[in-house]
Each structure stands twice: as structure tokens, then as C-alpha cells.
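Visitor: my questions concern the predicted model and sequence given below.
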Amino acid sequence: MNNTKTALVTGANKGIGFAIAQGLGAMGFTVAVGARDDVRRKEAVERLRAADIDAFGVALDVTSDDSVAAAAEAIERTAGRLDVLVNNAGIGGRTDGGAQDPTTLDLDVVRTVLETNVLGVVRVTNAMLPLLRRASSPRIVNMSSNMGSLTLQTGPVLTAYAPSKSMLNSVTVQYARRLADTAVIVNAACPGYVATDFTGFGGSRTPEQGAAIAVRLATLPDDGPRGGFFDDAGVVPW
Ligand code: NDP
């Protein structure tokens, strides 16, 4: 086992996830680039290596038990432990035909979005926890959204996506409580409104700006906050 810290970022082939990989890599982490598509994953690893970042690809579809189990085995073989897990992969879900209007809600869209945005996080986290527990200062960051804030009630009405992030916030708190007497620090992050495929590149922030809070929470000191929800400006209300 070497002294270089390893970080797994899910959905790291593009957007905010790629920028998180870049940010952690620039800080000296070896980055495990979690991505489901072989070509997109290889291209991302090559782009990171071209920027002098120590990166390796990990095939990872967060909706598949087999894929997630194989990813954990690959990281164990390559790195022996995991210092940081950023659960970034997420989807918005279809919106056509009133699919995310609460009054005409397509329940299949809800199931699909929850499978990735919530169950995917649980699946990946539980597969990686044995590797995280081997690290001295393990950190987990769940990429949430202020659209999941019941207090702010912000953004468009999206009745699959927004509640998926509310549930992710709740799940984050459950993990933080369960892991309170361990070294594993778990928090949720909001990246702001970021120009990526996800927003049709309509967001006002760059992926690097969106990545900053995740990088910060991934590198918290041992006395850092636990079970919170943060953006660049500080605490986001639940
Ligand atoms: P993008 O659509 O640009 O990227 C999403 C990433 O998640 C892609 O790498 C995608 O892979 C991956 N992904 C989706 N489903 C799976 C899966 N089943 N298994 C593995 N990877 C998967 O989105 P953003 O970068 O904008 O979003 C990243 C996170 O930030 C999401 O959780 C999103 O909810 C959150 N967020 C984004 C905001 C924004 O303004 N952009 C605002 C608030 C939160 P592939 O390329 O294969 O599809």
C-alpha cells in the first residue's frame, strides 16, 4: 500500500464529475475515473493524464450490482484502499408529456431517477465502505442539489428529480449518524447552476466552479463537519 491517496468519482467522464476528478488530481490524488461507457471513460482518463494527473479508469454503472461489485474489486486490486468517494453520477429524468408534473407524474420516470440518484449512491457507498475504512481520513461526498431543499423550493417543478435529491440528503444524514464514531466523514454538496449536458449548458457556472465544493468536502480536516449540506456560500438549508 502506498502513500498516495485515491479518490473515486462516479460519472467522472464529463461535466462536474470530470472537473472534480481534475481538481482532486491536481491536489495529488490518484483518481479512479468511474464511468459506464468504455470510450467516454478512456477519453476522460487520457485527458486527465495529459494534464499530469495520475488517473485510471473504472467501469462503473451505478444502477448495476455486478458493475459496482466489480468496480470495488478493481479499486482494491489497483489501490488497496479508498480515501475519497464522490457520488456524483446523477440524472434529471425525462420531462416530456408532463412526466415530471406532479399531477401527471410518470412513475417509471420516478423509479428510474431514484435508481440512479439515490439507490445508486447507496449501492456504490456500501460496496466501497470496506475500502474506505482502510483509509486514515476517509471522506464521502454526495452530489445533491438545492432543488432538493424543502426550505428553498427552488428551480423548476421536477417531481422525480427534486425529491430524489431530498431523499439523497436524508440518506446522507443517515450515513453520517451511522458512521459518527468512525473516521468516515459524509456530507452532501450543491454545485450551483452549472453549464453541463445536464442543464443543456444553460447554467451560469463552470464545471470547475461546480466542482469546488465537492473538492472541499472531499478534503475536510478530521474535525470537519459531518452530515451537512453545503455549497460555496456555506450551509444550504434542508
Ligand atoms: P452531466 O449530465 O454532465 O454528467 C452526469 C454524469 O453522470 C455523466 O458522467 C453520466 O455518464 C453519469 N451517469 C449517469 N447515470 C449513470 C450511471 N447509471 N452510472 C454511472 N454514471 C452515470 O451532469 P452534471 O455534471 O451537471 O451533474 C453531475 C451531478 O451534479 C449530478 O448528480 C447532478 O444531479 C448534480 N447537479 C448538477 C447541477 C447543474 O447545474 N449541472 C445542479 C445541481 C446538481 P454518461 O456520460 O455515461 O451519461
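Guide: Cool, got the structure.

Visitor: for the ligand, what are the nearby residues on this structure?
Guide: Residues of the chain lying close to the ligand (C-beta under 6 Å from any ligand atom) are 10-11, 13-17, 35-37, 40, 60-63, 88-91, 116, 143, 145, 190-191, 193-194, 196-199, 203. (Glycine included, C-beta is placed from N, CA and C.)

Visitor: mind running it again at 5 Å?
Guide: 11, 13-16, 36-37, 61-63, 89-90, 116, 143, 145, 193-194, 196-199, 203 (C-beta under 5 Å from any ligand atom).

Visitor: which residues touch the longest helix seen in the chain?
Guide: Counting by DSSP state H, the longest helix found in the chain is helix 161-178. Residues from elsewhere that reach helix 161-178 (C-beta atoms under 8 Å, 6 or more residues apart in numbering): 91-93, 100, 110, 113-114, 117-118, 121-122, 125, 140, 142, 144-145, 147-150, 155, 185-188, 226-227, 229, 238.

Visitor: circling back: are any of the residues of the chain next to the ligand buried, and which?
Guide: 11, 13-16, 36, 61-62, 89-90, 116, 143, 145, 193-194, 196, 198, 203 (16 or more other C-beta atoms under 10 Å).

Visitor: tell me how far the residue of the chain most remote from its centre lies from V109.
Guide: Distance from the centre of the chain peaks at T103, with 29.9 Å (C-alpha atoms, centre = their mean). Between T103 and V109 the distance is 14 Å, computed by C-beta to C-beta, to the nearest Å.

Visitor: follow-up on the earlier one: C-terminal to the longest helix of the chain, what's the next element?
Guide: Reading on from helix 161-178 to the C-terminus, the next helix or strand found by DSSP states H and E is strand 185-189.

Visitor: roughly how far is the helix or strand L8 falls within from the heart of the chain?
Guide: L8 belongs to strand 6-10 when assigned by DSSP H and E. Distance of strand 6-10 from the chain centroid (C-alpha atoms, centre = their mean, to the nearest Å) equals 9 Å.

Visitor: avg pLDDT for it?
Guide: What strand 6-10 shows for mean pLDDT is 99.

Visitor: so where do the strands sit in this protein?
Guide: Using DSSP state E, the strands found in the chain span residues 6-10, 30-35, 55-59, 84-87, 139-143, 185-189, 229-231, 234-235.

Visitor: no further queries at this time; thank you.
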